[in-house]
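1. generate coordinates for the sequence data below:
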Amino acid sequence: GKRSLNIGRLRPNILLYGKPYQDDKEILETTKHDLRICPELVLIVSTKLEIPRAWSIAANFCHAARSIGRASFWISKEELVLSIKALYDYVLIGDCDKVVPLDISKLSN
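-> Have a look, this model is predicted:
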């Protein structure tokens, strides 16, 4: 039999800046839910994560994936700053439209 697939609920169109957001409570609850089911793969694409709350959420997802032996990827044209490079298992530098079609399942630690 096939194992069940848990699908996260975090929406990609959420903006997290330093000021209150009307859906803060919903974002927090959704993030907690998604972290409880532990993501099997985390993809952070084309962002510097300069917003502290966004960085914190990304870090929590990367740690959760790593805790169950899964991977996290950062994909962008720009190099990561050294202080957050350790969050990711794989850092892919290049045009996101050209890098993403890689068969990620063939990459190994």
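2. give me the next element, helix or strand, following the lowest-mean-pLDDT helix or strand in the chain.
-> In the chain, no helix or strand scores lower on mean pLDDT, DSSP states H and E than helix 82-85, which sits at a mean of 72. Per DSSP states H and E, the first helix or strand lying C-terminal to helix 82-85 is strand 90-93.
3. packing partners of the longest helix along the chain?
-> In the chain, taking DSSP state H as the definition, the longest helix is helix 52-67. With contacts taken as 3 or more CB pairs under 8 Å, 6 or more residues apart in numbering; DSSP states H and E, helix 52-67 sits against helix 24-36, strand 41-45, strand 71-76. C-beta: built from backbone N, CA, C; applies to glycine.
4. switch to 6 Å and redo it
-> Applying 3 or more CB pairs under 6 Å, 6 or more residues apart in numbering; DSSP states H and E, one finds that helix 52-67 contacts helix 24-36, strand 41-45.
5. Throw these into CSV and include mean neighbour count, distance to D89 and mean pLDDT, thanks.
-> Listed next are those as CSV, based on neighbours: other CB atoms under 10 Å; distance: least, CB to CB, whole Å; pLDDT from 0 to 100:
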stretch, mean neighbour count, distance to D89, mean pLDDT
helix 24-36, 14, 17, 85
strand 41-45, 18, 9, 89
